[in-house]
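K.L.:
Generate coordinates for the sequence data below:
(2 chains)
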Amino acid sequence: MTKATRALQQTVRGTLARLDAWANALYTWRFNPLYHSGALVVAAFVVLLVTGLYLLLFYRIGAPWASVDGITRQVWAGRWIRSLHRYVSALAIAAALVHAFRMFAQGRSWGPRALAWVSGVVLFAVFLLCGWTGYVMLWDEQAYVLAAEGARLFDVLPIFSEPIGRAFAGERPMPAAFFFLNLFAHIALPVGVALVLWIHVSRLARTYLMPPKGLLWGMIALFTAVSVLWPVGMAPEADLLRIPGEVPVDLFYAFWLPASRALAPGWAWAAALTATALALAVPLFTRPRPERTPLPSVVAERFCTGCEQCYHDCPYEAISMVSRTDGRDGWVARVDPAKCVSCGICAASCAPMGVGPVGRTGRDQLADLRAFSALAAPSPADVVVVACGRGAGGAASGGSFMGAPVFEVSCAGSLHTSVLEYLVRAGWGGVLVASCPPRDCWNREGVTWLEERVYRGREAELKERVDRRRVRVAYAGEGELLRLAAELQAFRAAVADLDRATAEEDILIDVVCEAPEVSVADEALS
Amino acid sequence: MTPLRKGVAGIVAVGLTVATAALSRVPLSFSADDQGQLRLSWRVEGVTAEACRTLPEEELARLPAHMRNPKACIGVIASYHLQVTVDGATAVQDTIRPPGARGDRPITVLRELPLAPGRHRVSVRFDALLPEGVPAPEGVTSMAWEGAVDVGRGDVVLLTLDDRARNLVRQERPVLP
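P.N.:
Numbering: from 1, shown residues only, chains lettered A, B, ... in the order given. Predicted coordinates for the structure are as follows:
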C-alpha cells in the first residue's frame, strides 16, 4: 500500500468515525444508517422494483413524455409513487457511496474481498446506467441533454457506422423503437443488478440484505412523506430544435454531465476510464506488503474435536469440515486460505484453541496475556480494558485508558473467552471489553458472536464459574472515545459496589484438549 | 434517549431526506451564453465517378490473354467540401471523406455552430470533389442553401437534405406522424 493510499484511507476513516459518532448519538448503533449503508442499497432496490412495476403499467413508448405526465397527474398514486421511485434511486447511490468508502477505509477491499469490491464497482456502474435509461424514458429536457451527451460521447468511438447523434438532430421525431430499446434496457439492467449482487455477497455467510425493520420502514415512511409533500414535477418535453435552458438535473446520476459537456469526447472518455480503472484497482492499492499481510487461519488437527463451531461462526465461509486423516473418527476443520481474511473469529470459536491465524489463536492470546499480567499487576478494585484494535473509541492505541491498563486484541470477535476468565480469576475487579458496535464490526459478525459467547452460552462460552458482574462488553465506534469513557466510569462504579475481588493462584484454564504449550503455529509448521 | 435528542434525530432525518430529494433536481443551465444554434445534419450516399482510358496495343500485349480489356476504369469515391459562411465570414471550411475502411460508406454531416440571437445571413455549400477530367456522375454532387435566418435565444436552425429536391433545406419542427 502506498503512502498516498494510506493517507487517503486515514482521512476517510476519520471522517466516517466522526459521522458514525454523531449518527450513533442520534439513532443508536442499531439504527445508524451509516452502518447499514449496504443493506439500504438493497432495500432501495426493492422499493425501486415495486414502484417501477406500478409506473410500467402506465408508461407508453409511443408517447413517453405524455404518459409520464399522465402518471404525474394521478394525485392519489402516480405522482408520489413516481417521486418515491426517483428519490429512492438517489438514496441508493448515496448509500452505495457510503458503503464503498467504509469498505475502503477499513481495508476490506483486497485479497479474498477483492471479488466483492470489484463486483461492487460493477454494481455501481450498472445502477448509474439504469438511472441514465430511467431519465431518458421521460423524454423531457433532462432526458434530451442526457441522450444527446451520451450520443456525443459514443460517436467518438469507432463502433457505429454512422453518428448516432443525428438521431437527436431534429430531422424527424424520435422513433418509438428508441424508447422501446431504452425501456428494455431499463428493465433488463435490474436483472443484471440482481445477478451481480449475488456475486457481490457470494463469499459471505449469513448475508444481511435488509436493514433493521425500524430503519427500513422509517426510511420508506420518510421518503414517502417527502414524495407526497414535495413531488417531482414535469420538466418541459424534449424539443430537438431548442437548446435546453435551465434543466433540473439529478446530481446522483448525472453528476458527470457538466464536466463531460465541458470536455472533448476523447478527454471525457479518458477521465471516465481513468476513474473506473482506479476504482477497480483499489484492491491492488490497498493490499498490504507481503511482509505485513496477515496470515490466514490454520487448524491444528491434533486439537480439533470436529465440533463444527468455527465452521458455523466463520463469516466468510472459509472453513469446511472434512474427514479426518489421522486415524481418529469424525471430522476436522479445514481452512481455505483463498477465502480466509484472517479475521481471527475462529480463534474465539474454538474451545480447545486449535484454530486461528498464526500468532492470534486462543493459546497465543493467553501467552500474550501472561506477558501483559507480568507488567500490569491485577488490581482488585479496578478494571482492566480489553480493547478491539479496530475501533472501540481508539482505546487500544495507548497502553492505558483513563488509568485502566489496556490489553489489545486484533478484533473483539477474535477474543477467546479464556482471556476474560483468566483476567477475572487473576484478581481484576472487572474486565471491560471495548468493542466496535456490532453492525460496524470490521469482520462482520465478530462482536455478535462475542456477546453470545459472554452472555448466551455460545461455544466457546465464558465459563459459568466466571462472575458475570465483573465482565462487561461496551460498544464504541472509533470516534466515540467519550462514550467509552462513560462506559468505563459506569463499570468502575458498578465494580466498586461488589465485594473485593480475590486472586487465584496457579490459574488453570480448561482447554478441553491437553498440550497447551504447543502453539498452533508450531503445529502448522510440523 | 431524551425527547430533545429524539427531536433532533427526527429533524436531521427529515433534513437528509429533503437534501437527497433536492440534490436529485438541481437546476443547471445548458444554454451557453444564451445563444442559438445553426445545426447541419444530413446523410448522402457518396458518388462514385469512373475515370476510364483506352489501353494502347503494346500495353494490351503485355497482359495475359484473359485480361486484355481495351478499356480500363478506376472508380473514384468522391470526398465533399463543406463551406459555411455566416454574415459573410467563413464559419466552416472542411473536406469530408467517405467513412469506412474502403471509404465507401455514406457520408453523414452533423455540425453545430453557435449563433448569437438576431438575424443572420447564412450560406452553406456542399460540393463533391471530383478529379479533373472526370465527368460528373449521377447522384448528389452539389448542394447549397442560402438565406436569412432569425435566431432567438436557444433556437436551433436546422439545415438538412430534402431527399426529393436533392438539395439542402431548412427543416421546420418535425411533426409526429
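K.L.:
Tell me where the model's unsure across chain B.
P.N.:
Scanning chain B with the threshold set as pLDDT under 70 gives B:32-33, B:139-140, B:174-177.
K.L.:
go again using 90 as the cut-off
P.N.:
For chain B, residues meeting the criterion pLDDT under 90 lie at B:1-3, B:28-35, B:44-53, B:70-79, B:98-106, B:128-142, B:153-154, B:162-166, B:171-177.
K.L.:
Likewise for the stretch 351-500 of chain A?
P.N.:
With pLDDT under 90 as the threshold, the stretch 351-500 of chain A has low-confidence stretches at A:370-371, A:373-382, A:390-400, A:465, A:498-500.
K.L.:
which SS state does B:Arg173 fall under?
P.N.:
At B:Arg173 the chain is in coil, as set by DSSP: H, G, I helix; E, B strand; the rest coil.
K.L.:
Does it touch A:Leu241 like I think?
P.N.:
Yes - if you go by C-beta atoms under 8 Å, B:Arg173 and A:Leu241 touch, sitting 5.6 Å apart. Placement of C-beta: from N, CA and C, glycine included.
K.L.:
if you count what's nearby, which of the two comes out ahead?
P.N.:
Neighbour comparison, B:Arg173 and A:Leu241: the larger count goes to A:Leu241, with 17 against 12 (by other C-beta atoms under 10 Å in any protein chain shown).
K.L.:
dump the residue contacts of that one.
P.N.:
Applying C-beta atoms under 8 Å, 6 or more residues apart in numbering or on different chains to A:Leu241 gives the contacts A:170, B:155-156, B:158, B:171, B:173-174.
K.L.:
circling back to that earlier point, joint contacts of B:Arg173 and A:Leu241?
P.N.:
Going by C-beta under 8 Å, 6+ apart, residues that sit against B:Arg173 and also against A:Leu241 are A:Gly170.
K.L.:
Mind exporting the C-alpha coordinates of the helix ranked longest in chain B to PDB?
P.N.:
Using DSSP state H, we find that the single longest helix of chain B is helix B:3-23. The C-alpha trace of helix B:3-23 is given here as PDB (Å, rounded to 0.1, in the frame of the first residue of the first chain):
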ATOM      1  CA  PRO B   3     -37.100  13.900  23.900                       C
ATOM      2  CA  LEU B   4     -34.700  16.600  22.800                       C
ATOM      3  CA  ARG B   5     -32.400  14.100  21.200                       C
ATOM      4  CA  LYS B   6     -35.400  12.300  19.600                       C
ATOM      5  CA  GLY B   7     -36.500  15.700  18.200                       C
ATOM      6  CA  VAL B   8     -33.000  16.400  16.800                       C
ATOM      7  CA  ALA B   9     -32.800  12.900  15.300                       C
ATOM      8  CA  GLY B  10     -36.100  13.500  13.600                       C
ATOM      9  CA  ILE B  11     -35.100  16.900  12.200                       C
ATOM     10  CA  VAL B  12     -31.800  15.500  10.900                       C
ATOM     11  CA  ALA B  13     -33.600  12.500   9.300                       C
ATOM     12  CA  VAL B  14     -36.100  14.800   7.600                       C
ATOM     13  CA  GLY B  15     -33.300  17.200   6.600                       C
ATOM     14  CA  LEU B  16     -31.200  14.500   5.000                       C
ATOM     15  CA  THR B  17     -34.200  13.100   3.100                       C
ATOM     16  CA  VAL B  18     -35.100  16.500   1.800                       C
ATOM     17  CA  ALA B  19     -31.500  17.200   0.900                       C
ATOM     18  CA  THR B  20     -31.400  13.900  -1.100                       C
ATOM     19  CA  ALA B  21     -34.600  14.900  -2.900                       C
ATOM     20  CA  ALA B  22     -33.200  18.400  -3.600                       C
ATOM     21  CA  LEU B  23     -29.900  17.000  -5.000                       C
END
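K.L.:
what does the next helix or strand after it contact?
P.N.:
Later in the chain than helix B:3-23, the nearest helix or strand by DSSP states H and E is strand B:26-29. Under the contact criterion C-beta under 8 Å, 6+ apart, strand B:26-29 has outside partners A:245-251, A:257-258.
K.L.:
And those residues, which of them are buried?
P.N.:
A:247, A:249-251, A:257 (16 or more other C-beta atoms under 10 Å in any protein chain shown).
K.L.:
Run through the residues that contact A:Pro258.
P.N.:
Contacts of A:Pro258 by C-beta under 8 Å, 6+ apart are B:Leu28.
K.L.:
Check for me that it belongs to a strand.
P.N.:
No - under three-state DSSP, A:Pro258 falls outside any strand and is assigned helix.
K.L.:
Tell me the spacing between it and A:Ala148.
P.N.:
14 Å (C-beta to C-beta, to the nearest Å).
K.L.:
can you list the residues that contact the top strand by length along chain B?
P.N.:
Scanning chain B for the strand with the most residues, using DSSP state E, yields strand B:118-129. Strand B:118-129 is contacted by residues B:38, B:40, B:44, B:47, B:78-88, B:95, B:109, B:136, B:140-151, B:157, B:159, B:168 when judged by C-beta under 8 Å, 6+ apart.
K.L.:
Same check on stretch A:35-50?
P.N.:
Stretch A:35-50 is contacted by residues A:20, A:23, A:29, A:33, A:84-85, A:88-89, A:91-92, A:95-96, A:98-99, A:102, A:190, A:193, A:197, A:208-212, A:215-216, A:219-220, A:223, A:437, A:439-440 when judged by C-beta under 8 Å, 6+ apart.
K.L.:
out of the residues you listed, which touch chain B?
P.N.:
Restricting the contacts of stretch A:35-50 to those touching chain B (C-beta under 8 Å from any C-beta of the partner chain) yields A:89, A:91, A:223.
K.L.:
Strands of the chain, start to end?
P.N.:
No chain in the question, so chain A it is. A:246-249, A:297-299, A:319-323, A:331-335, A:355-357, A:383-388, A:400-401, A:404-409, A:430-435, A:471-475.
K.L.:
you looked at the wrong chain, it should be chain B
P.N.:
B:26-29, B:36-44, B:48-54, B:71-77, B:79-86, B:89-96, B:107-115, B:118-129, B:142-151, B:156-162, B:167-171.
K.L.:
Dump those strands to a markdown table, plus distance to A:Gln9 and mean neighbour count.
P.N.:
A markdown table is the format used below for the strands of chain B (distance: least, C-beta to C-beta, whole Å; neighbours: other C-beta atoms under 10 Å in any protein chain shown):
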| stretch | distance to A:Gln9 | mean neighbour count |
| --- | --- | --- |
| strand B:26-29 | 30 | 13 |
| strand B:36-44 | 47 | 21 |
| strand B:48-54 | 62 | 13 |
| strand B:71-77 | 58 | 12 |
| strand B:79-86 | 54 | 18 |
| strand B:89-96 | 50 | 12 |
| strand B:107-115 | 44 | 19 |
| strand B:118-129 | 56 | 17 |
| strand B:142-151 | 53 | 15 |
| strand B:156-162 | 49 | 21 |
| strand B:167-171 | 56 | 17 |
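K.L.:
can I get those in CSV with distance to A:Val42?
P.N.:
Listed next are these as CSV, based on distance: least, C-beta to C-beta, whole Å:
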stretch, distance to A:Val42
strand B:26-29, 26
strand B:36-44, 44
strand B:48-54, 59
strand B:71-77, 56
strand B:79-86, 53
strand B:89-96, 51
strand B:107-115, 42
strand B:118-129, 55
strand B:142-151, 50
strand B:156-162, 43
strand B:167-171, 48
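K.L.:
List the residues that contact A:Pro231.
P.N.:
Going by C-beta under 8 Å, 6+ apart, A:Pro231 touches A:72, A:79-80, A:82-83.
K.L.:
Narrow these to just the buried residues.
P.N.:
Buried among the contacts of A:Pro231 by 16+ other C-beta under 10 Å: A:72, A:79-80, A:82-83.
K.L.:
Out of the residues you listed, which are close to chain B?
P.N.:
A:Ser83.
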